[in-house]
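> Predicted model follows, preceded by the sequence.
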Amino acid sequence: MGKFIIKQSKSGGYVFNLKSTNNQVIASSQVYKAISGCKNGIKSVQACAPSAVVEDQTVKGFEKQKNPKFEIYTDKAGETRFRLKAKNGQIIATGEGYKTKKACLNGVESIRKNAPGAEVVLE
């Protein structure tokens, strides 16, 4: 089972990282002003991740999907990344850069598996 780790950022806000069972960070949040907002972000990830569809923006002429969704895209460095969007279209979690699309999709599956029952820990 994964863990959401909440930390205070250097700017004084709060961020979370979702870690898999092997302690690797598989998703990160934006900076929230209050810890309550950060916890709400975690709840949104837990609710949206299992049913979110994949919108593969790396494919020419890709089909737009409804939210919630994982958007798969290529960044400026040529790596494949994902962002998880909530039902309202807000980005609620992002992933690191992956060398291959397959590795990125494995990250998406890891979030689907780890997020729903993940423990929330304050650091």
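The structure has been received and is ready for your questions.
> How about the contacts made by the spatially most central residue of the chain?
Compute the mean C-alpha point of the chain, and by Cα atoms, centre = their mean the closest residue is residue 93, 3.0 Å away. Neighbouring residues of residue 93 by Cβ atoms under 8 Å, 6 or more residues apart in numbering: 18, 27, 28, 29, 41, 45, 49, 83, 84, 111. Glycine gets a C-beta too; all of them are placed from N, C-alpha and C.
> All the helices of the chain, residue numbers only.
Counting by DSSP state H, the chain has helices at residues 35-48, 101-114.
> who's in contact with the first one?
Spelled out, that is helix 35-48. By Cβ under 8 Å, 6+ apart, the residues outside helix 35-48 that reach it are 4, 6, 14-16, 18, 27, 29-30, 32, 68, 84-87, 92-93, 111, 115-116, 118, 120, 122.
> Mind giving me the ChimeraX select for the residues you listed, buried ones only?
Buried residues within the contacts of helix 35-48, by 16 or more other Cβ atoms under 10 Å, are selected in ChimeraX with:
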select :4,6,14,15,16,18,27,29,30,32,68,84,85,86,92,93,111,115,118
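> Please flag which of the contacts of helix 35-48 sit within strands.
In strands, defined here by DSSP state E, the members of those are 4, 6, 14-16, 18, 27, 84-85, 92-93, 120, 122.
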